[in-house]
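> what would the 3D arrangement of this be:
(chains A and B, ligands or ions: 1)
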Amino acid sequence: MDNKYETIIGLEVHTQLDTKSKIFCSCSTEFGSEPNTNTCPVCLGLPGTLPVLNKKAVDYLIITGLALNCEIAFYSKFDRKNYFYPDLPKAYQISQFDLPLAKNGYIKVETEEGIHRIGITRIHLEEDAGKLIHEGSIDQSSGSLVDYNRTGVPLAEIVSEPDIRTPEQAREYLNYLKKTLEYLKVSDCNMEEGSLRCDANISLRLHGNKKFGTKVELKNMNSFKAIEKALAYEQKRQRKMLENDKKIVQETRTWDENKSKTISMRGKEEANDYRYFPEPDLVPLEIDEKWKKDIEERLPELPAVKRKRFIDEYNLPEYDADVITDSRDLADLFENSVSEYKDAKVVSNWIMGEFLRLINEEKTAIEDTKITGQLLAKMLKMIDQDIISSKIAKTVFEEMFYTGKDPEEIVKEKGLKQISDQGELESLVEKIIDENPSVIDDIKNGKDKAVGYLVGQVMKETKGKANPQMVNKMFKEKIK
Amino acid sequence: MINEEEVRYIADLASLKLSEKEVEMFSKQLSDIVDYVEKLDELDTEDIVPTAYTIPVKNVFREDKVKESLSLEKVLKNAPEKQADQFRVPKIIEED
Ligand SMILES: [Zn+2]
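Numbering: from 1, shown residues only, chains lettered A, B, ... in the order given. Below you'll find the predicted structure:
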């Protein structure tokens, strides 16, 4: 963009950690339960109760920190963040203030402009608040309803440095985070269910200036697309204002999808004074080297590394590597299959084609499917051995996808074995020749392509089971 | 010294409405308390690490196991108002 202003963006991501129970009590974290059925005296903030920390939440935060190149704090503690809001039963949120569990990390993202390093200021652990439902429209309602099921669900708050310069970088940063969190299996990152939320702040300054301009906060955006669009809009809006010598107001805005613009959320934000102080009901955390090492050993290969390895080791085209490493489950399926069937590109084609087609059609999660890499490999070998045609293989594959049955068994059960018997095929070929004299004439007159039609007839006759190569060869030999 | 403006600010954060008389009274009382606590400044804490906890305990955890929650009846028992199994609260007023 040819202009004299530089854009400064920082992102704050809240992600729900995928523990079974809440962070400070044993209530379930399950999404979609009946209102207030996953609550207890602790998460309702009743007097006299005490929080006890869920170790899994700490483990998840440490592994996230390590994956994002952070230093893990040897000594860490929790603090109370005080504010009044009906979704917060204790009138304070247990969070971390000056001693977060992880800090000083970074990631590298790639956009059309090249590779860009984005610092991660800190990652801390905190509890989520409840859900507030307004009756009717906001200005007409007389009251709100509160469901405290979400209260006390563990969250990791990941704060970036103001290192992001374009909306595209912001998008790539978020994609990278999401993919990483999914690989670590610490969060399902479902934005619709609120398990991943992102706020942004954006300001402009003259190139070369050290001082930041007045920043605007963007909140309540419900997709990465909305975030990118809101940032792009804000970038333009602020530039126009600065060019016209207008002052930017420090405020909170949100993205209005219908109007395709950001709008001010006036009144929402007063100068907040959270009066943090150490949470006296919890004891401090000490993460020693052994604990850190144990978790480090559990770190899976991360998406970018895996992508590069798939290109180097299996000679996969970049596009294939991108698609296959988009999810850890997909990558595992690929590698399990390749370990038993050597042609990686063939495996990749089946995964990107049939497998993802069925996944999209069924709207199911990869981990919930019945197919395994071993089954896929076995099926591909059956194609090579002419036991099934690649067309029939699609039927076999679909059956494996739904049932997890062995391909040999499927072929036997459904009578899908390829017909490669010379005599049987020969009589079929002769029958088709007799039935299509005009096509034969065409071929004799040089229309070679018509052979394909005849092969198709045999395939139809055998419901796809004839060996097409053999049939093709026979026609060519017989029509001369 | 906690002046009256600070008292009003603190009252606001605590969602308390104070009369002018109370503001004056709390200003004096809070100032006295802070002055009293400031006595601690007389101690030399040069070589002492800031302490958030006074007992030498660390790393107390529970395992990630779900246990039964409270019954809905008990959950809502103390609710001043309820509706559709939820707590009903006054409208959140958007301040200008
Ligand atoms: Zn609870």
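> tell me, how many residues neighbour the closest residue to residue B:82 other than its chain neighbours?
Leaving out its chain neighbours, the residue that sits closest to residue B:82 by Cβ to Cβ, 6 or more residues apart in numbering or on different chains is residue B:76, at 4.9 Å. In this view, the C-beta of every residue, glycine as well, is placed from N, C-alpha and C. Residues near residue B:76, counting by other Cβ atoms under 10 Å in any protein chain shown, number 19.
> after the longest strand along chain A, which helix or strand is next?
Counting by DSSP state E, the longest strand found in chain A is strand A:114-127. Per DSSP states H and E, the first helix or strand lying C-terminal to strand A:114-127 is strand A:131-134.
> can you tell me what sits against that next one?
Contact with strand A:131-134 is made by A:85-87, A:141, A:144-147, A:149-150, B:86, B:89, B:91-92, as judged by Cβ atoms under 8 Å, 6 or more residues apart in numbering or on different chains.
> enumerate every residue touching the residue in the stretch 151-300 of chain A positioned nearest to chain B.
Nearest residue of the stretch 151-300 of chain A to chain B, counting by Cβ to the nearest Cβ: residue A:278, 3.9 Å away. Shown in contact with residue A:278 (Cβ under 8 Å, 6+ apart): A:77-80, B:52-53.
> leaving out the residues flanking it, which one is nearest to it?
Closest to residue A:278 by Cβ to Cβ, 6+ apart is residue B:52, at 3.9 Å.
> wait, doesn't the one you found sit right on residue A:283?
No. Between residue B:52 and residue A:283 there is no contact under Cβ atoms under 8 Å: 9.8 Å.
> with neighbour numbers in mind, choose between those two.
Higher neighbour count among residue B:52 and residue A:283: residue A:283, with 20 against 15, using other Cβ under 10 Å.
> re the thing from before, show me what the residue of the stretch 151-300 of chain A closest to chain B is bridged to.
residue A:79 (DSSP bridges).
> against the ion, how distant is it?
Separation of residue A:278 from the ion (Cβ to the ion, to the nearest Å): 22 Å.
> how near is that residue to residue A:101?
Per Cβ to Cβ, to the nearest Å, residue A:278 is found 15 Å from residue A:101.
> other residues contacting the top helix by length along chain A?
Longest helix of chain A, by residue count under DSSP state H: helix A:224-243. Residues outside helix A:224-243 that contact it (Cβ under 8 Å, 6+ apart): A:3, A:5, A:7, A:9, A:167-168, A:170-171, A:174-175, A:178, A:191, A:198, A:200, A:202-204, A:213, A:216, A:218, A:221, A:247-248, A:253-255, A:257, A:260-262.
> hmm, try it at 6 Å
By Cβ atoms under 6 Å, 6 or more residues apart in numbering or on different chains, the list of residues contacting helix A:224-243 from outside reads A:5, A:7, A:167, A:170-171, A:174, A:198, A:202, A:204, A:218, A:221, A:248, A:255, A:261-262.
> quick check: which element contains residue A:203?
Using DSSP H and E, residue A:203 sits within strand A:196-206.
> just checking: what are the partner strands of that strand?
For strand A:196-206, the paired strands and their directions (DSSP bridges) are strand A:5-16 (antiparallel), strand A:216-221 (antiparallel).
> got a quick PyMOL command for the buried subset of the contacts of helix A:224-243?
This is how PyMOL selects the buried members of the contacts of helix A:224-243, with burial counted by 16 or more other Cβ atoms under 10 Å in any protein chain shown:
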select buried, chain A and resi 5+7+167+170+171+174+198+202+204+218+221+248+255+262
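> quick check: mean pLDDT of the top helix by length along chain B?
Once chain B is assigned using DSSP H, the helix that runs over the most residues is helix B:20-37. Averaging pLDDT along helix B:20-37 yields 96.
> what helices or strands is it leaning on?
Helix B:20-37 makes packing contacts with helix B:4-13 when contacts are defined by 3 or more Cβ pairs under 6 Å, 6 or more residues apart in numbering or on different chains; DSSP states H and E.
> what's the helix it packs on in contact with?
B:18, B:23, B:26-27.
> and what of stretch A:43-56?
A:19, A:22-25, A:27, A:41-42, A:89-90, A:151-152, A:281, B:61-62, B:64.
> kindly report the same for stretch A:175-185.
Contact with stretch A:175-185 is made by A:15, A:63, A:67, A:107, A:109, A:187, A:189, A:300, A:303, A:328, as judged by Cβ under 6 Å, 6+ apart.
> these: which two are farthest apart?
Pairwise distances across the contacts of stretch A:175-185 (Cβ to Cβ) peak at 20.5 Å, for the pair A:63 and A:109.
> circling back to that earlier point, check which residues of the longest helix of chain B are buried.
Neighbour-count burial for helix B:20-37 flags B:23, B:26-27, B:30 (criterion: 16+ other Cβ under 10 Å).
> between these, which sits nearest residue A:324?
Minimum distance to residue A:324 across the buried residues of helix B:20-37 is 64.2 Å, recorded for residue B:30 (Cβ to Cβ).
> correct me, but that closest one touches residue B:2?
Yes. Counting by Cβ atoms under 6 Å, residue B:30 touches residue B:2, with 4.1 Å between them.
> so which residues on the stretch 51-200 of chain A come close to the ion?
Residues of the stretch 51-200 of chain A found near the ion (Cβ under 5 Å from the ion): none.
> does the ion sit close to the helix or strand just after the longest helix of chain B?
Going down the chain from helix B:20-37, the next helix or strand is strand B:61-62, by DSSP H and E. No. Judged by Cβ under 5 Å from the ion, strand B:61-62 makes no contact with the ion; its nearest approach is 11.6 Å.
> quick one: strand B:61-62 near chain A?
Yes. Judged by Cβ under 6 Å from any Cβ of the partner chain, strand B:61-62 comes into contact with chain A through B:61-62.
> if we can go back for a sec, hmm, who's touching the helix or strand following the longest helix of chain A?
Once the chain leaves helix A:224-243, the next helix or strand it forms, by DSSP H and E, is strand A:252-256. By Cβ under 6 Å, 6+ apart, the residues outside strand A:252-256 that reach it are A:216-221, A:226, A:230, A:262-265, A:268-269.
> among the contacts of helix B:4-13, which one lies nearest to the ion?
Closest approach to the ion among these (Cβ to the ion): residue B:18, at 35.2 Å.
> disregarding residues adjacent in the polypeptide, which is nearest to the closest one?
Using Cβ to Cβ, 6+ apart and skipping residues adjacent in sequence, the residue nearest residue B:18 is residue B:11, 4.8 Å away.
> from residue A:84, how far out is that neighbour?
13 Å.
> spit out the contact partners of residue A:162.
When contacts are taken as Cβ under 6 Å, 6+ apart, residue A:162 is in contact with A:8, A:10.
> buried residues of the helix or strand containing residue A:64, list them for me.
Following DSSP H and E, one finds residue A:64 within helix A:55-67. Residues A:56-67 are the ones in helix A:55-67 that count as buried (16+ other Cβ under 10 Å).
> over to stretch A:439-450?
Residues A:439-440, A:442-443, A:450 are the ones in stretch A:439-450 that count as buried (16+ other Cβ under 10 Å).
> which of those residues sit farthest apart?
The span of these, defined through Cβ to Cβ, is set by A:440 and A:450 at 8.4 Å.
> just give me the neighbour total for the spatially closest residue to residue A:15 that is not a sequence neighbour.
Leaving aside its sequence neighbours, residue A:15 sits nearest to residue A:187 (Cβ to Cβ, 6+ apart; 4.6 Å). Neighbours of residue A:187 under the rule other Cβ under 10 Å: 23.
> my guess is residue A:187 contacts residue A:14. True?
No. Using Cβ under 6 Å as the test, residue A:187 is too far from residue A:14 to be in contact (10.1 Å).
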